[in-house]
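**Q** Sequence and predicted structure are below.
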Amino acid sequence: MNNLKSNIIGIDSDMALAIESLQKSIIKLVLIVESNKLIGTITDGDIRRALLSGKNLQTSCKDVMNLDPKCALVDDYKNINKLLISYKYIPLIDHNNNIIDIITNENAPQSYSLTNPVIIMAGGEGKRLLPLTLNTPKPLLPVNQKPLIHEIVNKLDQHGLKEIYISIFYKAEMVKKYFNSLNDTRFNIKFLEEEKPLGTAGCLYLLKNKKITDPIIIINGDVLTDMDYRQLIDYHNKSNKLITVCAAIYDIQIPFGTIELDEDKLSNIVEKPIKKYLINAGIYILNPELLNDLQDNTVINMTDIIAKNIKKDSVGIFPLHEQWLDIGSHKDYEKAQK
């Protein structure tokens, strides 16, 4: 039987608590209960759909949860096995709708390799982290005793992503030397070496002759996240979009009381409000046919490709609620060490 303490929250809880529950447990299903009776469930997908629809972290779970989740009775073994074919987690209840357990399909394949190629953009000079990057490229700066890019590659490996390309320019030989010295057979790492800085997407033209058929994941080389890449791939494949942009939640607290007006009259003063925004997380997935639009050895940024495809309604959004950190400043670099 699983320890369900971190998976169960009350019916009056908000979405922030549901996200915290998902992050704490290896079982990615939140049970909404009232007097231990199952009222509904919240999954990772429910959270993302809620964020996309404009809901915030203070939204009540009542407005987000699935009111009719697939459940199994404690003694209905035939139905349990049937449900586990299609669902990863099944709430187990008794005949009075009391929660007993969450059944997981332990035999479900979790470690098989995915065929999606990944490009880590690691060619920048890291000027915002000077003087740290004066003699060391940003990808090799240590984070918890391992180079930053090693942490990124390890996360990819945990999700079965083995086909990894690393775009390099600044101190390229140091990055190549590091990975060649590892002699790690888990990864199939190749390098996309730029002759000049080509922006955040210019190196992609080097993939045009690789006969890639699966959507390509692109990650900025200074981003650390606990996101589930399998869910990103599944989301993108179902969206029928050419590009999916990952979006992180970013809070900004205004250090003053803000004034609200009703026409020309003062209606309220809100003390130091916190504004929440969805920001570009520096992680993308795009269909390989877009490579054909790229010119050889030409500067282009991901935002340019996105802007072009927004006009065609071909860009989707994948909101992140998992931990995410862009190491673009000394303050962020210090935060990554914790």
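**A** Looks like it arrived, so ask away.
**Q** Not counting sequence-adjacent ones, nearest residue to Gln58?
**A** The spatial neighbour of Gln58 that comes closest, neighbours along the chain excluded (C-beta to C-beta, 6 or more residues apart in numbering), is Asp14 at 5.2 Å. C-beta here means a position set from N, CA and C on the backbone, and glycine is covered the same way.
**Q** now that neighbour, which residues is it bridged with?
**A** Ser60 (DSSP bridges).
**Q** my guess is it meets Leu57, correct?
**A** Yes: in terms of C-beta atoms under 8 Å, Asp14 counts as a neighbour of Leu57; the distance is 6.6 Å.
**Q** Quick check: neighbours shared by the two?
**A** Here Asp14 and Leu57 share no contacting residue, scored by C-beta atoms under 8 Å, 6 or more residues apart in numbering.
**Q** okay but Tyr61 is in contact with Ile32, surely?
**A** Tyr isn't right for residue 61; it's Cys. Yes: contact between Cys61 and Ile32 holds when scored by C-beta under 8 Å: they sit 5.4 Å apart.
**Q** who touches both of these two?
**A** Contacts common to Cys61 and Ile32, judged by C-beta under 8 Å, 6+ apart, are Ile9, Ile11, Ser13, Gly40, Ile42.
**Q** Just the endpoints, please. Distance across stretch 179-193?
**A** One end of stretch 179-193 to the other measures 14 Å (C-alpha to C-alpha, to the nearest Å).
**Q** So for it, what gets flagged as buried?
**A** If you call a residue buried by 16 or more other C-beta atoms under 10 Å, then stretch 179-193 has these buried ones: Phe179, Phe187, Ile189, Lys190, Phe191, Leu192, Glu193.
**Q** and what of stretch 167-176?
**A** The neighbour-count check on stretch 167-176 (16+ other C-beta under 10 Å) flags Ser167, Ile168, Phe169, Tyr170, Lys171, Ala172, Val175 as buried.
**Q** Just the CA atoms of it, as PDB, please.
**A** Presented in PDB, the C-alpha positions along stretch 167-176 are these (Å, rounded to 0.1, in the frame of the first residue of the first chain):
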ATOM      1  CA  SER A 167      25.400  23.500 -29.900                       C
ATOM      2  CA  ILE A 168      28.800  25.100 -29.100                       C
ATOM      3  CA  PHE A 169      30.900  28.200 -30.000                       C
ATOM      4  CA  TYR A 170      32.500  29.900 -27.100                       C
ATOM      5  CA  LYS A 171      35.400  27.800 -25.700                       C
ATOM      6  CA  ALA A 172      33.900  24.900 -27.700                       C
ATOM      7  CA  GLU A 173      37.000  22.600 -27.200                       C
ATOM      8  CA  MET A 174      36.500  22.700 -23.500                       C
ATOM      9  CA  VAL A 175      33.000  21.500 -23.700                       C
ATOM     10  CA  LYS A 176      33.900  18.700 -26.200                       C
END
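**Q** How far away from the center of its chain is it?
**A** Taking the mean of its C-alpha atoms, stretch 167-176 sits 26 Å from the chain's own mean (C-alpha atoms, centre = their mean, to the nearest Å).
**Q** Show me the contact partners of that stretch.
**A** Under the contact criterion C-beta under 8 Å, 6+ apart, stretch 167-176 has outside partners 119-126, 136-137, 139-140, 149, 166, 191-194, 196-198, 203, 221.
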